[in-house]
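In: Need a 3D model of the sequence below.
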Amino acid sequence: MICRARAPLRIDLAGGWTDVAAYAARAGGAVVNVAITLYAHASVRSEGQGVRLRALDLGALVDARRPEELRADGELALLKAMARRFPPGGGFELVTRSDAPPGSGLGGSGALGVALAAALGAARGERRLPAEIAGLAHEVELHDAGVLGGKQDQYAAALGGLQFLTFGDPEVSLARLDVPAACLRELELHLVLCYTGASRVSGETHRRVWDRYAAGDAEIVRALDGLRGCALAMREALERGDVGRVAEVLNENWRYQRALGAELETERMRELERVAFAAGADGVKACGAGAGGCLVFLAKPGREFDVAEALRGAGGQVLRFTFDTTGVVTWVETER
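Out: Numbering: from 1, shown residues only. Okay, here's the model as predicted:
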């Protein structure tokens, strides 16, 4: 028997960074994101003795005699943390892969954590609500694997759809946005997602931002407050069906995001932005923290093909997607 799960990645449209506990506990974070049809996949198969962890897209393999021997560090830290926390009993193989490049800024590790928690839970005969899976996935990533980050990725992956999420510490409030159907179709058609080819965000970048925030640095506080305001403005624009305003808020969010640190916009990103706007883009922001990964553009009506072709011509990798409305799903397959 093989227990499988998949969880969608996401595009964070506004408010990223404010879901991290350091800010959320003081000011209350807010994020608007949308799940997309690029997925993190996990499968658990009962198998003899021992534990085998395999990440197919990374070409990485870890073996252990027992789950408790796994140390949640180094290569495949998240897989090791999940297998140690939620072993299904007996020997097993845990296999993962992702549809997006590593370091894409699309919430890949959060989605992977959700897929792992769901697949391992199914193998253990457990049934949990999506929000519970999201909370567990974030807890393991933060406390067991030691990865500093917010909660939006796990909730986007677990719930799917277009979400307005607010964050305290530890509270999370969830609201699926009621967006006019025509607006959703326009966004799905005119959003262009481009992988820049590399990601350079490091733990040091995160530590620097949060150390400056803890010290009351006015520039950082102003940027984070601005990002939270962008989430509120994005929710309003989407509920009104105002696609033009969506483009404006994307640009505003990107300005506040860049204010967190000059390294969050690389020269490669600036080059892709220049060619995309020349070809008909109206809005842009980096996905995730920035410093590489993916850029998401909103093209002017009828210009999405031109923007995509210009980005490909400049060496960008355009990732095709639609919106996911389901969130995490699990199923069981009898071995053939």
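
In: Going by C-alpha atoms from here, please, whenever you check contacts or count neighbours.
Out: Fine.

In: and whichever helix in the chain runs longest, what does it pack onto?
Out: Looking across the chain with DSSP state H, the single longest helix is helix 218-240. For helix 218-240, the elements it packs on are strand 2-14, strand 29-46, helix 203-214, helix 243-258, judged by 3 or more Cα pairs under 8 Å, 6 or more residues apart in numbering; DSSP states H and E.

In: Just the buried positions in it, please.
Out: Within helix 218-240, the residues that qualify as buried are 220-221, 223-238, counting by 16 or more other Cα atoms under 10 Å.

In: Let me see the contact set for the nearest residue to residue 49 once chain neighbours are set aside.
Out: Counting by Cα to Cα, 6 or more residues apart in numbering, residue 49 lies nearest to residue 91, which is 4.1 Å off, once chain neighbours are set aside. Contact analysis of residue 91 by Cα atoms under 8 Å, 6 or more residues apart in numbering lists 46-51, 66.

In: Please work out the average pLDDT along the longest helix of the chain.
Out: In this model, helix 218-240 has a mean pLDDT of 97.

In: For the stretch 151-300 of the chain, give me the ranges with low pLDDT.
Out: Counting by pLDDT under 70, the stretch 151-300 of the chain has low-confidence residues at 200-204.

In: make it 50
Out: Of all residues in the stretch 151-300 of the chain, none has pLDDT under 50.

In: Of all the helices and strands packed on helix 218-240, which one comes closest to residue 322?
Out: Evaluated over those, closeness to residue 322 peaks at strand 29-46, with 5.5 Å, by Cα to Cα.

In: which element follows that closest one toward the C-terminus?
Out: Counting by DSSP states H and E, the element after strand 29-46 in chain order, helix or strand, is strand 51-55.

In: Just checking: what are the partner strands of that next one?
Out: The sheet places strand 51-55 alongside strand 60-64 (antiparallel), strand 92-98 (parallel), with pairing taken from DSSP bridges.

In: how big is the angle separating it from strand 29-46?
Out: 130 degrees (axes from the mean of the first three to the mean of the last three Cα atoms, to 10 degrees).

In: Rebuild the helices and strands packed on helix 218-240 as a markdown table, extending it with distance to residue 308 and mean neighbour count.
Out: As requested, the helices and strands packed on helix 218-240 are exported to a markdown table (distance: least, Cα to Cα, whole Å; neighbours: other Cα atoms under 10 Å):
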| stretch | distance to residue 308 | mean neighbour count |
| --- | --- | --- |
| strand 2-14 | 17 | 28 |
| strand 29-46 | 18 | 25 |
| helix 203-214 | 30 | 14 |
| helix 243-258 | 17 | 21 |
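
In: out of these, which comes closest to residue 75?
Out: Of all the helices and strands packed on helix 218-240, helix 203-214 comes closest under Cα to Cα, at 15.7 Å.

In: Packing partners of the closest one?
Out: helix 218-240.

In: 6 Å instead?
Out: Contact partners of helix 203-214 among helices and strands, from 3 or more Cα pairs under 6 Å, 6 or more residues apart in numbering; DSSP states H and E: none.

In: Run the chain-centre distance for that helix.
Out: How far helix 203-214 lies from its chain's middle: 20 Å, per Cα atoms, centre = their mean, to the nearest Å.

In: State the pLDDT value of the closest residue to residue 58 other than its chain neighbours.
Out: With sequence-adjacent residues excluded and distances taken as Cα to Cα, 6+ apart, residue 58 is closest to residue 97, at 7.9 Å. Here the pLDDT value assigned to residue 97 is 96.

In: coming back round to it: format the helices and strands packed on helix 218-240 as TSV; extra columns: distance to residue 294.
Out: Converted to TSV, the helices and strands packed on helix 218-240 look like this (distance: least, Cα to Cα, whole Å):
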stretch	distance to residue 294
strand 2-14	9
strand 29-46	13
helix 203-214	17
helix 243-258	13
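
In: Please name the nearest non-neighbouring residue to residue 319.
Out: Residue 319 sits nearest to residue 193 (Cα to Cα, 6+ apart), 5.5 Å away.

In: What residues of the helix or strand harbouring the one you found count as buried?
Out: Per DSSP H and E, residue 193 falls inside strand 191-199. By neighbour count on 16+ other Cα under 10 Å, the buried set for strand 191-199 is 191-197, 199.

In: now, which of those residues sits nearest residue 307?
Out: For the buried residues of strand 191-199, the nearest to residue 307 is residue 192 (7.5 Å; Cα to Cα).

In: The nearest residue to that closest one once chain neighbours are set aside: neighbour count?
Out: The spatially closest residue to residue 192, leaving aside those adjacent along the chain, is residue 297, at 5.0 Å (Cα to Cα, 6+ apart). Counted by other Cα atoms under 10 Å, the residues lying close to residue 297 total 27.
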